[in-house]
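> Sequence first, then the predicted structure, then my questions.
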Amino acid sequence: LILLDSLLQEINIKQIEMSATSDSPQEGGKEDSNKQRQSNLQRIQQRKQSVREWPQDKKMEKLAIYSSCKADESCKCNGWKNPNPPPNPPRPDAPTPTSTPADPCRTCSHPLSSHVSHLTTVGEDELDRLLGIVVDVENLFMCVHKEEDSDTKQVYFYLFKLLRRCILQLSKPSVEGPLGNPPYEKPSIAKGVTNFVLFKFNHLPPKEWQMMYDLAKMFLHCLNHWKLETPTARKQQMSTEEISAYKVNYTRWLCYCHVPAFCDSLPHYDTTLIFGRSLLKSVFQTMRKQLLDKFRAEKDKMPPEKRTLVLTHFPRFLSLLEEEIYSNVSPIWDPEFKQNPPAHVSAGAGAMGEVAVSGGKKRPGDALEEDSEDVKRRKYEDENLEEAVAEIVGVIEDQNKALGPQAMFPEHAPRDEAAKIEERNKVIEFHCIANSLTDRVPKQTMLWLIALQNVFSHQLPRMPKEYITRLVFDPKHKTLALVKDGRPIGGICFRMFPSQGFSEIVFCAVTSNEQVKGYGTHLMNHLKDYHIRNGVMHFLTFADEFAVGYFKKQGFSKDLKLPKGVYGGYIKDYEGATLMGCELNPKIVYVEFTAVVRRQKEILKKLVERKQEQIRQVHPGLSCFRDGVREIAVESIPGILETGWEPPPQDKFRYKSTRNSDEKADQEHLYNVLKTILTACRNHQSSWPFLNPVDRKAVPDYYEHIKFPMDMKTMAERLKANYYVNKRLFIADMKRMFTNCKAYNAPETEYYNCANVLDRFFINKLKDHGLIEKV
C-alpha cells in the first residue's frame, strides 16, 4: 500500500476539505447537509476534469505513484516516491516541484519511467479512466482516515484496496466475495411501491391518482439518497439475527449505492432497484420519522401546495404503505403480482411498469439485465396481447352498452348476479353486527340480532333454540346480516380466532321465501372479503347433510388445508356433521369474482376466435403418393410447422409414431426414477395404511367392495419384476390405491385423509422428476 506521507503529499488542502462521511444528510437530511453533499460531488467531478486536462508528463507522474516498478522482477516497489517531496504542511509561496522521467524513486532508486513503462502504449481514454480511479482512491483514503465506525471503515478500506489494485493491473473495478451480485431481492423496493400504487389507488380519479404516483416517486427518491444508520447504531433496536442480516445489507449498500455515488469508478445502483422488502422493513420506521420531522421543520419555507402535499397527503401515504410492508399477506410483494394501470394513464407515459426513481444520467451499472432477443420478443408479444385484450374489452363493453337481450339477461348468469344488482340498487344491504358487554349496543343492532335469531331458529329446526340464542348474542361471535327493506332476511354467524388464523362458521341461513335468489352466495362472498381485510385466511365449519352441497359450491372442501394442531381444542365437534374448510386467496375480491371470471372467459373466447381466423387455412391434399412415393418427412406436410409441431432432436432419439413414443427410451433410468418415487412415498408419514395388502381377517368385507386391490408392497414387487415398462402403468397403480381407499372409507376417517395427503405428495414427486408437467 502507498504510505501515508506519499498520499498526503499528493492530496492538496482543497481535496482534504471534501469528505465522503458527510455526503448524505443526517437526521432526515438537513438542507445545509444536502448543499454540502452536492458541493462535494461537484468538487470531485471538477477535480477529475482538471486531472484529465493535465499534460502527458504530469499524468504519467501521477500514475507512477500508483504503479509498481517494472525495472526488474526482483524490485518489489509498488509506487514511485518523489525524491523532492513538497513541504508538509504546504506553503502558498513554495514552488511546485516538477519531476522528469529520469528522477529516481525514493524507495527503489529506479527512475520514474520504469514505473510507467507499461503505460506508454495505452490510449488517452484509458489514461483518463485510470486518473479518475486515482482521484477516487485519494477520496477513499480520506474516508478511511476520518471514519470512526469500524464496520464502515472496513468497507472503505476494502474498496480503497480494490481500486488501488485496478490501477496496478489496468483492470475494471468489480466487487467480489460473499456479498453476491445485485439485485438481491425480488421484487425490488421500486417494484413493490409501484405495485402498492396500483393495488391501493387504481380506483381514484386521475388527479388524485397522479398525486399518489408523485408521492411514490418522492418516497423512492428520498430512499435512494438516504444514508443508512450503521449496524453499531442499530444494535439496541434489533435482535442478534436481525442485526446480522442488516449488517450484510448495509455492506452491500455501501459497496453498490453509497460509495459509488462519489466514486464513479465503481458500478452504481439505486438502492430501490437492488434491495427489496427486507431492507425496507428495517429502515422504514426511522426514515418515516426523520422525513416527517424534516418536513414539519421546513413547512414555513414551502409553497402552500407543497405544504399540503407533504404534511397532509404524504403521512397518509406512508401509513398505508407501512401496512403493506409489515403485512404477511400483502399481495404487492408477490413476484407474480400484475395489475394494469388505470385507463387514464397513457401507454406512452412509461406504461407504469415501474415508478421512475431517477431522472439523471444513466450510469454503467444501472442496467441490471441486458435485454436479450428472447426477452425483447416476449415483451413484444406481451404488448401485442395487452393491446388485443384492451381492444376486446372495448368491444365487449360496447356490446353491453347496447342493452340487447344478451346484455340484460346473459346466458348462464352467475348465482349471485341478481343479488349484486339488488345491492347496487340499495334493495339489500350487508352489516357485520355483534353484541357487547362493555359498550352500549345500538337499538337497531339489538333488533337485528333478535330477528337473526328467529331466522336461524326457523331455518335450522334441528338446532336447539337456546343454543342459537346463546351464540348469536355471545360477544365473541359476530353475524354478517343480510338486510332487506329494513329487516334481516339471512345471515352468517361466526367466531374469529385471529391468533390461529381461522374463523368458525356456526350458523348460515336465509329465510325460506328469499332463497334461490343468489343471496347465500353473495353473503358468503362478503364474509370472505371481510376476513381478508382482517387478515384471516381460513374458514372451518361443521356442515350437516343438507348444507354440504351449499358449502361445496362456496369453495369448501372436506380435504382440510389447516393442520389439526391449529384448530384442535378451539372448536367443538358435532355428531352427524362433516368438518369442511375453505382457504381464502388475498388476491381475490370475492364479491367481484364471478364477474371477473365471466369477463375473462369472454376475452379468452374472443382471443381464440381471432387466433383461429389467423391460422385457419386449408391446404391441398398430398399428391406425391400417386407418383409412387412411399413415405415423406412429417415436417414436409404443408401447414404442420405452422401449428407449432417440432421434430424431436436427432441426437437423442429418432421419431417413432408409436403409442409409447412419449415414454423414456432408457428403461434403466425409468426404473431408478420410479424406485426413488416409490421409496419416498413409502417413507412418508401418511403412508402407513398403504404399506401392505389389507388383512382379510381384520377387514372381512374389504375384498367384496374392492375388486382390484393395490398396495405399495405389491408395487415394489412389480417394479422389481420390471412390470412398469412405462410411467403410465406406475401412475395407474398408485392412483388405483388411493381410489380404493376413498371408495371404502368415509371422508371423515383418518384413512381418507392419508390418501389425500399422500396423493398430493405423489403428484409433487412426479413433477419434480419430470414425469408430468408442472402447472
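Yes, it's here.
> show me where the protein has strands.
Taking DSSP state E, the strands of the chain run over residues 428-433, 478-484, 487-497, 502-510, 538-543, 578-583.
> Relative to the whole chain's centre, how far out is the second one?
Between the mean C-alpha location of strand 478-484 and the chain-wide mean there is a distance of 37 Å, by C-alpha atoms, centre = their mean, to the nearest Å.
> Identify the residues contacting it?
With contacts defined as C-beta atoms under 8 Å, 6 or more residues apart in numbering, strand 478-484 is touched by 422, 427-434, 448-449, 452, 472, 488-496, 510, 514, 519, 523, 526-527, 530. All C-beta spots, glycine's among them, are computed from the backbone N, C-alpha and C.
> Narrow those to those that are buried.
The neighbour count (16 or more other C-beta atoms under 10 Å) marks 422, 428, 430, 433-434, 448-449, 452, 472, 488-496, 510, 519, 523, 526-527, 530 as buried among the contacts of strand 478-484.
> Columns distance to Gln42 and mean pLDDT on top of the strands of the chain, output as CSV?
Converted to CSV, the strands of the chain look like this (distance: least, C-beta to C-beta, whole Å; pLDDT from 0 to 100):
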stretch, distance to Gln42, mean pLDDT
strand 428-433, 60, 93
strand 478-484, 62, 94
strand 487-497, 59, 94
strand 502-510, 60, 94
strand 538-543, 58, 93
strand 578-583, 57, 92
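> can you put those strands in TSV and add distance to His705?
Formatted as TSV, the strands of the chain follow (distance: least, C-beta to C-beta, whole Å):
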stretch	distance to His705
strand 428-433	47
strand 478-484	43
strand 487-497	38
strand 502-510	34
strand 538-543	26
strand 578-583	21
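> Go through those and name the closest to Pro187.
With C-beta to C-beta as the measure, strand 578-583 is the member of those nearest Pro187 (23.8 Å).
> What lies in contact with that closest one?
Under the contact criterion C-beta under 8 Å, 6+ apart, strand 578-583 has outside partners 528, 537-545, 548, 551-552, 554-562, 573, 747-748.
> can you do 6 Å?
Residues outside strand 578-583 that contact it (C-beta atoms under 6 Å, 6 or more residues apart in numbering) are 538-543, 548, 551, 555-556, 558, 560-562.
> now stretch 278-286
With contact meaning C-beta under 6 Å, 6+ apart, stretch 278-286 is reached by 189, 246, 249, 325.
> Looking at those, which is nearest Lys217?
Out of the contacts of stretch 278-286, the member with the shortest distance to Lys217 (by C-beta to C-beta) is Ile189, at 12.7 Å.
> Hmm, Leu273 and the closest one touching each other?
No: here Ile189 lies out of contact with Leu273, judged by C-beta atoms under 6 Å, at a distance of 7.7 Å.
> These two: which has the busier surroundings?
Taking other C-beta atoms under 10 Å, Ile189 and Leu273 do not tie; Ile189 has more neighbours (27 against 23).
> And the pLDDT at the residue lying closest to the more buried one once chain neighbours are set aside?
Sequence neighbours aside, Thr272 is the residue nearest to Ile189 in space, at 4.2 Å (criterion: C-beta to C-beta, 6 or more residues apart in numbering). Thr272 carries a pLDDT value of 93.
> Thr272 reaches His221, doesn't it?
No: the pair Thr272 / His221 is not scored as a contact, 8.7 Å apart, by C-beta under 6 Å.
> between those two, who's got more neighbours?
Between Thr272 and His221, counting by other C-beta under 10 Å, Thr272 is the more crowded of the two (27 against 17).
> Run through the residues that contact that one.
Applying C-beta under 6 Å, 6+ apart, the residues contacting Thr272 are 189-190, 220, 223-224, 357.
> Pick the one among the residues you listed closest to Cys681.
Ile189 (42.7 Å).
> where's the closest one relative to Val516, distance?
50 Å (C-beta to C-beta, to the nearest Å).
> likewise Ile532?
Noted for Ile532: a distance of 27 Å to Val516, by C-beta to C-beta.
> Those two - which one has more neighbours?
For Ile532 versus Val516, neighbours defined as other C-beta under 10 Å are more numerous around Ile532 (18 against 10).
> these two touch, right, the more buried one and Ile588?
No: with contacts counted by C-beta under 6 Å, Ile532 stays clear of Ile588, the gap being 8.0 Å.
> how near is the residue most central in space within the chain to Pro183?
Nearest to the mean C-alpha position of the chain, by C-alpha atoms, centre = their mean, lies Pro335 at 2.8 Å. Taking C-beta to C-beta as the measure, Pro335 falls 12 Å from Pro183.
> same question, Ser282
Noted for Ser282: a distance of 17 Å to Pro183, by C-beta to C-beta.
> Those two: which has the busier surroundings?
More crowded of Ser282 and Pro183, by other C-beta under 10 Å: Ser282, with 22 against 17.
> quick one: that one from Leu318, how far?
On the measure of C-beta to C-beta, Ser282 and Leu318 end up 16 Å apart.
> Please apply the same query to Tyr519.
Distance from Tyr519 to Leu318, by C-beta to C-beta: 40 Å.
> and what of Glu148?
For Glu148, the distance to Leu318 - C-beta to C-beta - is 32 Å.
> No more questions from me, cheers.
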